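>>> Dropping a prediction and its sequence here:
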Amino acid sequence: MDCMAATHPPAPVTADGDELGAPVTTTPRLKRWVFWPAAVIVLGFVAWTLIAPGSAESAFNALQAGIVANFSWYYVLIAAFFVAFSIFVGFSRFGDIKLGKDQDEPEFSTGSWFALLFAAGMGIGLVFYGVSEPLSHFADPRPGVTGDEASLAQQAMTQTFLHWGLHAWAIYVVLGLALAYAIHRRGRPVSIRWALEPLLGKRVKGGWGNTIDVIALIGTLFGVATSLGLGVIQIGAGLESAGIAESSTVSQIAIIAVITALTIVSLVTGVTKGMKILSNFNLILAAALLLFILIVGPTQYLLRDFVQSIGAYLQNLVGLSFTVSAQQGAAGEAWQAAWTTFYWGWWMSWAPFVGIFIARISKGRTVRQFVFGVLLVPTALTMLWFAVLGGAAIHQQMNGGGLVGTDGSVDVEGSLFTLLADLPAGTVLTFGAILLIGVFFVTSSDSGSLVMAMIASGGDIEPKNWLRVFFAGVSALLAVALLLTGGLNALKTAAITTALPFSIVLLLTCWSTVIAFTRERRAYDRAERALLLERVGEYYGLEVEGPAERGVQTGLGRPWRVIRQRLKPTRGAARPEVAHEPDPPVRTATVSPDPALDPRLDVAVAREEETTADR
């Protein structure tokens, strides 16, 4: 491949000749030790599932059972840890660190930034589970949960908020924050490995860095494939609901082929502007669907339920965060696998995709703005989405039924269309929902292929089209393979499994972030002290030495001073003044904590990293 040379101002270098604090560069060459291992593993998996789907399905079931039995507590624990870590960083003295150079201002206004954050979280999953998850928790509660209809309805919404609330976005904060600091503050390429540079030092450029990117790339592939699989299952259910075509594996594969072909055509022709317009149109369509259901549905009930569910979520947040159904045996394990463990794994597999996006749009923000903006804004809007769609479904079931089977089962794929069919203009709403899911399929495949191509190319922000086409095709093949080996259950197993190794990367990212921010704060403290010493020297003698020589003045010394004055031989004689030479001001060199303004700090930090690595 052609290599494009980029010219930049000279940057400080270490003794080894490595540039430090250099601006972000594009590196169009392929990272062979990232691309080929990931491609071989994923394509080998696809070939196995297509050749022996029965064997693959059995292996999937055994793998899911093993992970849930042995690691469900681990997934729950680290998800809670990520929430605590994010809140700690936001409130700590690290919160003032800027994700960019000291002079950088935010690229987007606050309103636009909030809209982009919501766009990052809005996707196929919200449409797929918007109705079905609250309804499922209402009809078939978590083992151990009992009560009347009202209490079950409340716990259903609270459980849904747990899965889609702070925990999901805290996982994205962990990786997105580290990437934003590396990209905008340190001038590193857009690649997952650089989030761990403060911890690994120079080793991030070699085998360790390649391993991190391979794990991230495979996790992203399976995460995107899971979303595409969910989308095509629901599109099939929508077409069946509209009486167009029966939902089957064949029709689902045909839908994947058609939509993936449209995505590839857009990538080959370079219709990026059209894709942006399509994405904005889909957000408007989602907002229109939300408002329509809110207006024509039980409006006051939905608004009251929204407010009340927020309170119930906050009240039970700590307890639910650590719930692993330990006392419910096999039923509890099965429920954990289907819901909480699946979600924590899905969010971790999506972390590279969402983390890179929110990092790129957050240049110029402070750490505190980033943490609480990412945690609160998407969470609040997601809660509103579930309160309206899920609340409308629960209200309909409590006041007329029709959404839950006689055996207590919920049609996860088709419950959305059942709800819409009972509303005014139900047919129009059904086709609108199908269009919404289809466009989300295209935009998810397009943006997912971009992120994966960036990782495979070592951080190229404009990777070659053939790379994007490759990953769009492989994601579609992977979705087909998962559908053939168990459908929805296989999709969940893929998310849970690929998240296990990447969870180690996320934990190391937390450690690396603390190291980086501690060095940053140390640099700020030194710079502030240097400036203080430079200014205090001018006033040191007046404000410190003089009062020290006089001591503390109290009223107890006044009588003795009067006696001494009366015993003096010449009362009016002037006391000779002793001339004191002023102390020279203390001069120190001011160090800027911004590597772009003062490269000495960058070199010092690099030397400290090398010393740490050698140890």
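Looks like it arrived, so ask away.
>>> okay, CA-based contacts and neighbour counts for the rest of this
Will do.
>>> Give me the phi and psi for residue 146.
phi -140, psi 170 (degrees, to the nearest 10).
>>> Identify the residues contacting residue 442.
Listed by C-alpha atoms under 8 Å, 6 or more residues apart in numbering, the contact set of residue 442 reads 259, 260, 262, 263.
>>> Confirm for me that the last one is in contact with residue 445.
Looking back up the chat, that one is residue 263. Yes - the criterion here is C-alpha atoms under 8 Å, and residue 263 meets it with residue 445 at 7.0 Å.
>>> which neighbours do these two share?
residue 472.
>>> on that earlier part again, output the contacts of residue 442 in CSV; the columns should cover neighbour count and secondary structure.
As requested, these are arranged in CSV below (neighbours: other C-alpha atoms under 10 Å; DSSP: H, G, I helix; E, B strand; the rest coil):
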residue, neighbour count, secondary structure
259, 18, helix
260, 23, helix
262, 13, helix
263, 24, helix
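>>> Show me which of these is closest to residue 435.
Among those, residue 259 lies closest to residue 435 (C-alpha to C-alpha), at 11.5 Å.
>>> Relative to residue 518, how far out is the residue lying closest to that closest one once chain neighbours are set aside?
Counting by C-alpha to C-alpha, 6 or more residues apart in numbering, residue 442 is the residue found nearest to residue 259 once chain neighbours are left out, at 6.4 Å. Residue 442 sits 42 Å away from residue 518, going by C-alpha to C-alpha, to the nearest Å.
>>> Also residue 79?
23 Å.
>>> of the two, who's got more company?
residue 79 (24 against 14; other C-alpha atoms under 10 Å).
>>> ok now do the more buried one, which residues does it touch?
Residue 79 neighbours (C-alpha under 8 Å, 6+ apart): 167, 170, 171, 321, 344.
>>> ok now the longest helix along the chain, how far from the chain's centre?
Longest helix of the chain, by residue count under DSSP state H: helix 488-536. Its chain's average C-alpha position is 13 Å from that of helix 488-536, according to C-alpha atoms, centre = their mean, to the nearest Å.
>>> pLDDT (mean, whole number) over that helix?
For helix 488-536, the mean per-residue pLDDT is 88.
>>> Where does the prediction get shaky in the stretch 351-500 of the chain?
Along the stretch 351-500 of the chain, no part satisfies pLDDT under 70.
>>> Do you have the helices of it handy? List them.
Assigned by DSSP state H, counting those that start in this stretch, the helices in the stretch 351-500 of the chain fall at 367-398, 415-421, 426-456, 465-484, 488-536.
>>> Give me the distance between the fourth one and the centre of its chain.
I take that to be helix 465-484. 23 Å.
>>> relative orientation of it and helix 488-536 in degrees?
For helix 465-484 against helix 488-536, the angle by axes from the mean of the first three to the mean of the last three C-alpha atoms, to 10 degrees is 130 degrees.
>>> what's helix 465-484 in contact with?
42-43, 46, 49-50, 53, 221-222, 224-226, 228-229, 249, 253, 256-257, 260, 263-264, 267-268, 445-446, 448-450, 452-453, 490-491.
>>> Please check these and keep the buried ones.
Among those, those classed as buried by 16 or more other C-alpha atoms under 10 Å are 42, 46, 49-50, 53, 221-222, 224-226, 228-229, 249, 253, 256-257, 260, 263-264, 267, 445-446, 448-450, 452-453, 490-491.
>>> if we can go back for a sec, make CSV from the helices of the stretch 351-500 of the chain and add distance to residue 408 to it.
Below are the helices of the stretch 351-500 of the chain laid out as CSV (distance: least, C-alpha to C-alpha, whole Å):
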stretch, distance to residue 408
helix 367-398, 12
helix 415-421, 13
helix 426-456, 24
helix 465-484, 25
helix 488-536, 19
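>>> just so I know, which of these lies nearest residue 163?
helix 367-398 (10.4 Å).
>>> Show me which positions of the closest one end up buried.
Buried, per 16+ other C-alpha under 10 Å, within helix 367-398: 367-376, 378-379, 382-397.
>>> as a whole number, average confidence for the helix or strand where residue 137 lies?
If you go by DSSP states H and E, residue 137 is part of helix 124-139. Here helix 124-139 scores 93 as its mean pLDDT.
>>> Go ahead and name everything in contact with it.
In contact with helix 124-139 (C-alpha under 8 Å, 6+ apart) are residues 152-153, 155-157, 159-160, 227-228, 230-231, 234, 382, 385-386, 389-391, 393-394, 404, 408-413, 415-416, 437, 440-441.
>>> one step back: select, out of the helices of the stretch 351-500 of the chain, the one closest to residue 353.
Nearest of the helices of the stretch 351-500 of the chain (C-alpha to C-alpha): helix 426-456, 6.1 Å.
>>> got the angle for that closest one vs helix 124-139?
120 degrees.
>>> Could you list the buried residues of helix 426-456?
426-427, 429-456.
>>> what's the answer for stretch 137-154, then?
In stretch 137-154, counting by 16+ other C-alpha under 10 Å, buried: 137, 138, 139, 140, 141, 142, 143, 152, 153, 154.
>>> Check stretch 350-369 too.
Applying 16+ other C-alpha under 10 Å to stretch 350-369 flags 350-359, 361-369 as buried.
>>> Over to stretch 55-73?
For stretch 55-73, the neighbour count (16+ other C-alpha under 10 Å) marks 56, 57, 60, 63, 64, 65, 67, 68, 72, 73 as buried.
>>> Then stretch 522-529?
Here stretch 522-529 shows 523, 524, 526, 527, 528 as buried, counting by 16+ other C-alpha under 10 Å.
>>> how close does the second one get to residue 94?
Going back to what we said before, that points to residue 524. 11 Å.
>>> same check, this time on the fourth one
With the distance defined as C-alpha to C-alpha, residue 527 ends up 16 Å from residue 94.
>>> returning to what we had before: make CSV out of the contacts of residue 442 and add pLDDT and distance to residue 83.
Converted to CSV, these look like this (pLDDT from 0 to 100; distance: C-alpha to C-alpha, whole Å):
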residue, pLDDT, distance to residue 83
259, 88, 36
260, 90, 36
262, 84, 38
263, 84, 35
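>>> Go ahead and flag the most central residue of the chain.
Central residue of the chain (C-alpha atoms, centre = their mean): residue 172, 1.2 Å from the mean position.
>>> Packing partners of the helix or strand where it lies?
If you go by DSSP H and E, residue 172 is part of helix 166-180. Judged by 3 or more C-alpha pairs under 8 Å, 6 or more residues apart in numbering; DSSP states H and E, helix 166-180 is in contact with helix 53-91, helix 340-360, helix 367-398, helix 488-536.
>>> What is the last one packed up against?
Using 3+ C-alpha pairs under 8 Å, 6+ apart as the contact test, the elements touching helix 488-536 are helix 53-91, helix 166-180, helix 197-200, helix 207-241, helix 340-360, helix 465-484.
>>> Looking at these, spot the one closest to residue 535.
helix 53-91 (30.6 Å).
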